[in-house]
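Asks: my questions are about this predicted structure, shown below with the sequence.
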Amino acid sequence: MIRLIRFILLCIVKLICKLLYRFKIRWLSDENFKQFKEVRLIVFLNHTSLYEPLFIGACPLSVLWRLSGELIAPGADITLNDRPIVGRIYHSLLPGLVPITRKKDESWQHFMSLVSKDTLVAILPEGRMKRSTGLDKHGNAMTVRGGVADILQVKQHGKVLFVYCGGLHHIHTPGDKFPSVFKTITANAQMMDIQAYKDSLPFEAGHDFREQVVMDMQKRLDTHTPF
């Protein structure tokens, strides 16, 4: 019953998003949302706004049903805990959000204890949000972090869905009070078999699995995102 209520809430959000925004999703793979039931990992690249749940508007109902009851994802503790309104909205829609710090500490270990080969996991590998300057809030360059590699090491089958966000600064820039409406939201998407993805890594000498994944994710961010 609780899952059904969450699903209905997601459907309402989807309807609102469809009314207020246009979505242009370009698939870089032959597989698409029709194979979503096989997805075990969602990797969302180019994190620019807290309004990224607007992408719910582009998801079929079958995807929303899985998200309403199966998804777990790490979320910044300062967003989920220190911003009560935002945190409450996120938790009501996606209760599988797990607060973590930006360090590889006990909060990350707790999250990883919830990850199994069959769970549906989503992650934003950059770990922080890009400002309009192209840097993070401390003025540092945006880079991919290694948490996604930890998750991939647990996953033994299924598919990974890459979402390359075109950016949402035209809708909401960090620090703005209200979002703009009637804009177009763009993204490229790509689905791959998890084992095929692992096999595709070059494994260059002197770099372990974690470093290979980080380098590959950074390359994907730079080349596959519809800037």
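Replies: Looks like it came in fine. Quick caveat, the model's predicted, so the values are computed rather than measured.

Asks: so how far is the longest strand seen in the chain off the chain centroid?
Replies: Counting by DSSP state E, the longest strand found in the chain is strand 183-193. Offset of strand 183-193 from its chain centre (C-alpha atoms, centre = their mean, to the nearest Å): 11 Å.

Asks: what packs against that strand?
Replies: Counting contacts by 3 or more C-beta pairs under 8 Å, 6 or more residues apart in numbering; DSSP states H and E, strand 183-193 packs against strand 21-27, strand 159-165. Glycine gets a C-beta too; all of them are placed from N, C-alpha and C.

Asks: for Gln195, which of the ones you listed is the nearest?
Replies: strand 159-165 (9.7 Å; C-beta to C-beta).

Asks: rewinding a little: pairing partners for the longest strand of the chain, with directions?
Replies: Strand pairing for strand 183-193, determined by DSSP bridges: strand 21-27 (parallel), strand 159-165 (antiparallel).

Asks: would you turn those into CSV with mean pLDDT, mean neighbour count and distance to Thr225?
Replies: Output for these, formatted as CSV (pLDDT from 0 to 100; neighbours: other C-beta atoms under 10 Å; distance: least, C-beta to C-beta, whole Å):
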stretch, mean pLDDT, mean neighbour count, distance to Thr225
strand 21-27, 97, 15, 11
strand 159-165, 98, 23, 4
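
Asks: gap between the spatially most central residue of the chain and Ile12?
Replies: Closest residue to the average C-alpha location of the chain: Phe44 at 3.3 Å, with C-alpha atoms, centre = their mean. Between Phe44 and Ile12 the distance, using C-beta to C-beta, to the nearest Å, works out to 22 Å.

Asks: one step back: what's the following helix or strand after the longest strand of the chain?
Replies: helix 194-200 (DSSP states H and E).

Asks: what helices or strands is the helix or strand just after that next one leaning on?
Replies: Counting by DSSP H and E, the next helix or strand C-terminal to helix 194-200 is helix 209-224. Counting contacts by 3+ C-beta pairs under 8 Å, 6+ apart, helix 209-224 is packed against strand 39-45, helix 147-154, strand 159-165.

Asks: show me what counts as buried in helix 209-224.
Replies: Within helix 209-224, the residues that count as buried by 16 or more other C-beta atoms under 10 Å are 210, 212-214, 216-218, 220-221, 224.

Asks: and the residues you listed, which is closest to Arg128?
Replies: Looking across these and measuring by C-beta to C-beta, the closest to Arg128 is Leu221, at 13.4 Å.

Asks: quick one on the thing from earlier: next, format the helices and strands packed on helix 209-224 as TSV and append distance to His91.
Replies: TSV is the format used below for the helices and strands packed on helix 209-224 (distance: least, C-beta to C-beta, whole Å):
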stretch	distance to His91
strand 39-45	18
helix 147-154	21
strand 159-165	21
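
Asks: nearest to Thr119, of the ones you listed?
Replies: Among those, strand 39-45 sits nearest to Thr119 (C-beta to C-beta), with 7.1 Å.

Asks: contact partners of the longest strand of the chain?
Replies: 21-29, 31-32, 35, 39, 54-55, 57-58, 158-166, 168, 170-171, 200, 224-226 (C-beta atoms under 8 Å, 6 or more residues apart in numbering).

Asks: cool, thanks, signing off.
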